[in-house]
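Participant: show me the folded form of this:
(one chain, ligands or ions: 1)
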Amino acid sequence: MRKLSRRDFVKSGAAAGLAAATPQVLGQAPTVLTPRSAKPVVISSANGNFYKNGGTQTGVEKAFALMTGGKDVLESLVAGVNILELDPEEDSVGYGGLPNADGVVQLDSCCMHGPRKRAGGVAALEGVRTPSLVAHAVLQQTDHHLLVGKGAQGFARNLGFKIEDDLNTERSRRLWLEWKRRTDPGHYLDPDKRAELHEATRQAMVAEGLLRSRHLHGTINCDGLSPRGELAGVTTTSGLAWKIPGRVGDSPILGAGLYVDGAVGAAGSTGRGEANLYGLSSFLIVEQMRQGKAPKDACMEALKRIQANTVEKRLLNARGLPNFNVSFYAVNLKGEFAGAALYGEDPEETGWAGETGRRVRFAVCTEKGPETLVCDGLLPGAP
Ligand code: ASP
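Facilitator: Modelled structure (predicted):
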């Protein structure tokens, strides 16, 4: 993927975003721009720079343009991740996300607004392409944080969201059918063998090039600091491919897949959600930043915690280290940011549009324009 020059960025992304930005927060007085007090930045998982849904801007680029044009920081970030949710090519988020074991796309998302100290989330939501918008509506229009399943769908329907029968695309259905054919779940196996079979089937499909392994897990987390010094974050995902129906990972859970404190920083995650749930990693990262750690060091602390908590043999590789990857993205109030992963290398990283090499990456957009940067790794090599 070609990196945009600053001039391209101003021409295509920022300028378009500025023109489109409406300085109005739903249900609130128009936003008044105050003199710049912070170095604005949007940071996300690497997919935030790889999908444009047929448009001209990537997710982080759009979020940055809107945010610096005066739109509310969280609304800008949600608009950024909407690009990925709606892009049928992105099979780990929103429409076209890989479905659960029953072939049903179930989506999770949450979002958090630093200054307003409010959050909203949805889990196992079916039929809505943009779960982040429903999570945002939970934040804005309810006294609750998390709505799940049918209740979340009913809430969305009542607000006028389009409910679709099926969010599969041709691709996600084809891959699910292939998985279904291989696992033949009509036979009820011994639970251990069944789990092994499902895992082995996933891995075989990766080895045959049908799937990129990161899309067995896949998500976008996107966090931003606005020129007014306001922090927010959003995470949205279709979760683990072919999960047990109803399985919810870390993405919609505050403190696990996302946490924001408007006075400190924002952090979020992609990768094995169960590992983040045990350690409430995003909360831990924000707390580490509160104690003065730089974003990178705070992420490393959470990664060390995951390593220490991973003791089950089935989760360890031949080196006795975790056999999965987890990545964190963090930004503090000064606009310092970092992307860090348990392993800085992953063979599956080579598959991103036009990218080569095994380094795990993250996306960022600043006044320099959108860039895709390498994550720091805690452990040597790849999982
Ligand atoms: N964390 C997500 C989940 O566990 C998946 C991912 O980011 O890869 O549902």
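Participant: mind listing the helices for this structure?
Facilitator: 6-8, 15-20, 59-68, 73-86, 131-141, 149-158, 170-183, 191-207, 273-279, 281-290, 295-309 (DSSP state H).
Participant: residue numbers of the stretch 101-250 of the chain in contact with the ligand?
Facilitator: Applying CB under 6 Å from any ligand atom, we find that the stretch 101-250 of the chain lies next to the ligand at 217-219, 237, 239-240, 249-250. Just so you know, the C-beta spots here come from the backbone N, C-alpha and C atoms, and that holds for glycine as well.
Participant: hmm, back to that, ok, of the helices of the chain, where does mean pLDDT dip lowest?
Facilitator: Note on the helices of the chain: helix 15-20 shows the lowest mean pLDDT, a mean of 34.
Participant: among the helices of the chain, which comes closest to Asp108?
Facilitator: For the helices of the chain, proximity to Asp108 was assessed by CB to CB; helix 131-141 is nearest, at 6.7 Å.
Participant: how far away is the closest residue to Ser251 other than its chain neighbours from the ligand?
Facilitator: Spatial nearest neighbour of Ser251, chain neighbours left out: Gly257 (3.9 Å); criterion: CB to CB, 6 or more residues apart in numbering. Gly257 sits 6 Å away from the ligand, going by CB to the nearest ligand atom, to the nearest Å.
Participant: residue contacts, Gly257?
Facilitator: Counting by CB atoms under 8 Å, 6 or more residues apart in numbering, Gly257 touches 108, 110, 219, 221, 235, 237, 249-251, 268-269, 273, 276, 282.
Participant: so how far is Gly320 from it?
Facilitator: 27 Å (CB to CB, to the nearest Å).
Participant: swap in Ala46?
Facilitator: Going from Ala46 to Gly320 by CB to CB gives 28 Å.
Participant: looking at the two, which one has more neighbours?
Facilitator: Neighbours per residue (other CB atoms under 10 Å) separate Ala46 from Gly320, with Ala46 holding more: 26 against 9.
Participant: and for that one, nearest residue in space, chain neighbours not counted?
Facilitator: Arg361 (4.1 Å).
Participant: could you give the number of residues near that neighbour?
Facilitator: 24.
Participant: ok, what's across the strand from it?
Facilitator: Counting by DSSP bridges, Arg361 forms beta bridges with Val374.
Participant: who touches whatever residue of the stretch 251-383 of the chain ends up closest to the ligand in this structure?
Facilitator: Closest approach between the stretch 251-383 of the chain and the ligand, counting by CB to the nearest ligand atom: Gly273, at 2.2 Å. Counting by CB under 8 Å, 6+ apart, Gly273 makes contact with 217, 239-240, 249-251, 256-257.
Participant: going by distance to Ala200, which of the residues of the stretch 101-250 of the chain next to the ligand wins?
Facilitator: Set against Ala200, the nearest of those by CB to CB is Leu240 (15.4 Å).
Participant: quick one, phi psi at that closest one?
Facilitator: phi -70, psi 130 (degrees, to the nearest 10).
Participant: would you quantify the distance from it to Gly249?
Facilitator: Leu240 sits 6 Å away from Gly249, going by CB to CB.
Participant: what do you get for Ser45?
Facilitator: For Ser45, the distance to Gly249 (CB to CB) stands at 14 Å.
Participant: repeat for Leu315
Facilitator: 15 Å.
Participant: and these two? Which one has more around it.
Facilitator: The neighbour comparison of Leu315 against Gly249 (other CB under 10 Å) goes to Gly249, with 25 against 15.
Participant: which residues does the residue positioned nearest the centre of the chain contact?
Facilitator: The centre of the chain sits closest to Ile220, judged by CA atoms, centre = their mean, with a distance of 2.0 Å. Ile220 is in contact with 44-45, 47-48, 59, 81, 84, 92-93, 235-237, 270, counting by CB under 8 Å, 6+ apart.
Participant: beta partners for it?
Facilitator: Applying DSSP bridges, one finds that Ile220 bridges with Thr236.
Participant: got it, and Gly224?
Facilitator: Beta-bridge pairing for Gly224 (DSSP bridges): Val42, Ala232.
Participant: and for the closest residue to Pro370 other than its chain neighbours, the neighbour number?
Facilitator: Among residues not flanking Pro370 along the chain, Glu61 sits closest, at 4.6 Å (CB to CB, 6+ apart). Using other CB under 10 Å, Glu61 is surrounded by 28 other residues.
Participant: repeat for the one 5 residues further on
Facilitator: Applying other CB under 10 Å, we find 29 residues neighbouring Leu66.
Participant: please tell me how far the nearest residue to it once chain neighbours are set aside sits from the ligand.
Facilitator: Closest residue to Leu66 apart from its sequence neighbours, by CB to CB, 6+ apart: Ser76 at 3.8 Å. Distance of Ser76 to the ligand, given as CB to the nearest ligand atom: 22 Å.
Participant: ok, now which ones touch Ser76?
Facilitator: Per CB under 8 Å, 6+ apart, neighbours of Ser76: 42, 62-64, 66-67, 224, 226.
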